[in-house]
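A.B. asks: quick check, what structure comes out for this input:
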Amino acid sequence: MKKSIFRSIYFTVITVLAVLLVLITGVLYNYFNSVQQSSMRIQTELIAKAVEDEGTAFFESLNQDNFRITYIEPDGTVIYDSQEGDRTLENHLDREEVKQAVQKGYGESYRYSNTLLEKRYYTATKLSDGSIIRLSSGHYTLLSLLLTILPYAAVICLGAVALSLSL
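C.D. replies: Below you'll find the predicted structure:
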C-alpha cells in the first residue's frame, strides 16, 4: 500500500514538474519575444538615422553578425543586403513589413525566410527619401526554445528524482 501511494505521489510530482516546465517556457517565450521586438524597433530606427546621415558608407563599419540589414529603394529594388552580398534579390515591395513602412512609416512581420531557411522577425522603417531600411533577426519558435531548455531541465529533474529516491 505504501509503495502504491509513493508511486502516485512520485508520478504526480513528475507530471507537475513537466507541466511547469512547459508553462515557464511559454511565459519566457512571450517575454523574450517582446524584448526582441522592442530592441529591433530601436535598432531599425538607429540604423535608418545613420544611413540618412552617412549613406551606405555606414554599412562598411557595422558588425552585422546578429542581424540582417536590407536597404531598399522606393521602387522595391534592393540596394544592399548584409547577408546576400552582390547577389541580385527580387523586388521587396510585396513584403508585409515593407508595405507597412511605405504606408505608415514603420512595419514589422514574422515569416519563414526561404533565403535563410529559418523563422525571422522583420522590421522596416521608411527614410525621408522614400527608401526603406529593413532589419531581420532569427527567431526561436516555442518548440525550439523547449528543445534548447530540455537538456538542462532533464538534468535538474534527474537530480530531483535521485534526491527524492534517496530520501
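A.B. asks: so residue 71, which of the three states?
C.D. replies: strand (DSSP: H, G, I helix; E, B strand; the rest coil).
A.B. asks: per-residue pLDDT of the residue nearest the centre of the chain, please?
C.D. replies: When Cα atoms, centre = their mean is applied to the chain, the residue found nearest the centroid is residue 139 (2.4 Å). pLDDT recorded at residue 139 is 74.
A.B. asks: wait, it sits on residue 122?
C.D. replies: No. Using Cβ atoms under 8 Å as the test, residue 139 is too far from residue 122 to be in contact (9.7 Å). C-betas here are computed from N, CA, C, even on glycine.
A.B. asks: give me the element residue 88 is part of.
C.D. replies: If you go by DSSP states H and E, residue 88 is not part of any helix or strand.
A.B. asks: contacts only, for it.
C.D. replies: Residue 88 is in contact with residue 78, counting by Cβ atoms under 8 Å, 6 or more residues apart in numbering.
A.B. asks: the residue nearest to the centre of the chain: what's it in contact with?
C.D. replies: Contacts for residue 139 (Cβ under 8 Å, 6+ apart) come out as 33, 36, 110, 118, 119, 120, 121.
A.B. asks: now do the phi/psi pair for it.
C.D. replies: phi -140, psi 130 (degrees, to the nearest 10).
A.B. asks: now it: how far from residue 96?
C.D. replies: Look at residue 139 and residue 96: by Cβ to Cβ, to the nearest Å, they are 15 Å apart.
A.B. asks: now the helices for this structure?
C.D. replies: 2-54, 57-60, 96-104, 142-166 (DSSP state H).
A.B. asks: what residues sit buried inside the last one?
C.D. replies: Residues of helix 142-166 classed as buried under the neighbour-count rule (16 or more other Cβ atoms under 10 Å) are 146, 153, 157.
A.B. asks: neighbours of residue 110, how many?
C.D. replies: 15 (other Cβ atoms under 10 Å).
A.B. asks: okay, and the beta partners of it?
C.D. replies: residue 121 (DSSP bridges).
A.B. asks: give me every residue that touches it.
C.D. replies: 119, 120, 121, 122, 139.
A.B. asks: for the residues you listed, pick the one with the most neighbours.
C.D. replies: residue 122 (25 neighbours).
A.B. asks: hang on, residue 73 packs against residue 129?
C.D. replies: No. Using Cβ under 8 Å, residue 73 makes no contact with residue 129, being 9.2 Å away.
A.B. asks: which one's more surrounded, the two?
C.D. replies: Per other Cβ under 10 Å, whichever of residue 73 and residue 129 has more neighbours is residue 73, with 15 against 9.
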